[in-house]
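S.K.: Fold the following, please.
(chains A and B)
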Amino acid sequence: METEFTPWASLAGGAMIGLAAVLLMLVAGRVMGATGILAGALIPASRADATWRWVMIAGMVSAPALYLVATGGWPEITVPVSTPMLLIGGFLVGVGVTFGGGCTSGHGVCGIARISTRSIAATAVFMVACFATVYVVRHVVGG
Amino acid sequence: MRLVLIFLIGALFGLGIVISGMGNPAKVVNFFDIAGTWDPSLIFVMGGALAVTLVGYRLVLPKDRPLFDTAFHLPLARQIDRRLVGGSAVFGIGWGIAGFCPGGALPVLGAFDASVWLFTGALVAGIMAARLGPGLIARRASV
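M.R.: I've put the predicted structure just below:
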């Protein structure tokens, strides 16, 4: 299924993600990795440590409603895969980001911005693995 | 004050995800489908985010401390080991199968789309299994 190429919206959205990462570092001294924030909220080191994480997640979850108020429509979410794939993929993502120590936001944005070789390596690995997986799913298996 | 700011930062991140298209799996999978219905938009998300963080972190991190904490909490790990590479590979495979990454899924939970909640449920199960599973196996083995 085709999707529309949206360079300006994607650039603007990306800049907002980057600005949020910089502000979280300025305000709380924390890396804005979705994996780290979620895992720390689920299995908190302390009560105070859990609070800011749940507040951050609540802020994130408020975004579609804010988008609705601003534009008059809900954001478009089209899921091009089956429910079993959604569940298997979700479980693999959870296991992978835990052992890999981060995801697209933590390694791919915050880590690369700190020129962490660990994050650059992790990002290269998960991007290549994702390209290969989509190729196999869409053109080998689904061919 | 700190928590209000963190909520707003979460909302900014979430809006960035929604506007950029990272919360729409059809767009994400198409980015990785160069051999098929390729949509290069996500390059612009990464570019926009990194342009802001590369400059912003350089302004923030030389400070003595963040505004509302005594120190910056930066990852200390430096090593590129099997755990990092293996975990990131599994993450990339799961991302390619499901089309959501953690940062893409959390904000669009607020759009009340059932598939996002299914993915996030599986993601949480994967994180819990990876965090708690090895400990349980070790404990059973030692009995």
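S.K.: Check which helices and strands the longest helix anywhere in chain B sits against.
M.R.: Ranked by residue count and defined by DSSP state H, the top helix of chain B is helix B:114-142. Here helix B:114-142 touches helix A:34-42, helix A:83-100, helix B:82-98, helix B:102-108, going by 3 or more Cβ pairs under 8 Å, 6 or more residues apart in numbering or on different chains; DSSP states H and E. Any C-beta I mention is one placed from the backbone N, CA and C, and that applies to glycine too.
S.K.: Dump the ones you listed to CSV, plus mean pLDDT, mean neighbour count and distance to A:Thr123.
M.R.: Compiled in CSV, the helices and strands packed on helix B:114-142 are given as follows (pLDDT from 0 to 100; neighbours: other Cβ atoms under 10 Å in any protein chain shown; distance: least, Cβ to Cβ, whole Å):
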stretch, mean pLDDT, mean neighbour count, distance to A:Thr123
helix A:34-42, 96, 22, 13
helix A:83-100, 97, 23, 10
helix B:82-98, 97, 24, 8
helix B:102-108, 98, 29, 13
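S.K.: To B:Leu15, which of the ones you listed lies closest?
M.R.: Nearest of those to B:Leu15, taken as Cβ to Cβ: helix B:102-108 at 7.8 Å.
S.K.: Identify the residues contacting the closest one?
M.R.: Helix B:102-108 has contacts (Cβ atoms under 8 Å, 6 or more residues apart in numbering or on different chains) with A:17, A:33-35, A:38, A:57, A:60-61, A:63-64, A:75, A:77, A:93, A:97, A:103-105, B:13-15, B:17-18, B:22-25, B:28, B:116, B:119-120, B:123.
S.K.: same deal with stretch A:52-62?
M.R.: With contacts defined as Cβ under 8 Å, 6+ apart, stretch A:52-62 is touched by A:24, A:28, A:30, A:37-38, A:40-41, A:44, B:2-3, B:6-14, B:17, B:106-107, B:109-110.
S.K.: give me that answer again for 7 Å
M.R.: Stretch A:52-62 has contacts (Cβ atoms under 7 Å, 6 or more residues apart in numbering or on different chains) with A:28, A:37-38, A:40-41, B:3, B:6-11, B:13-14, B:106-107, B:109-110.
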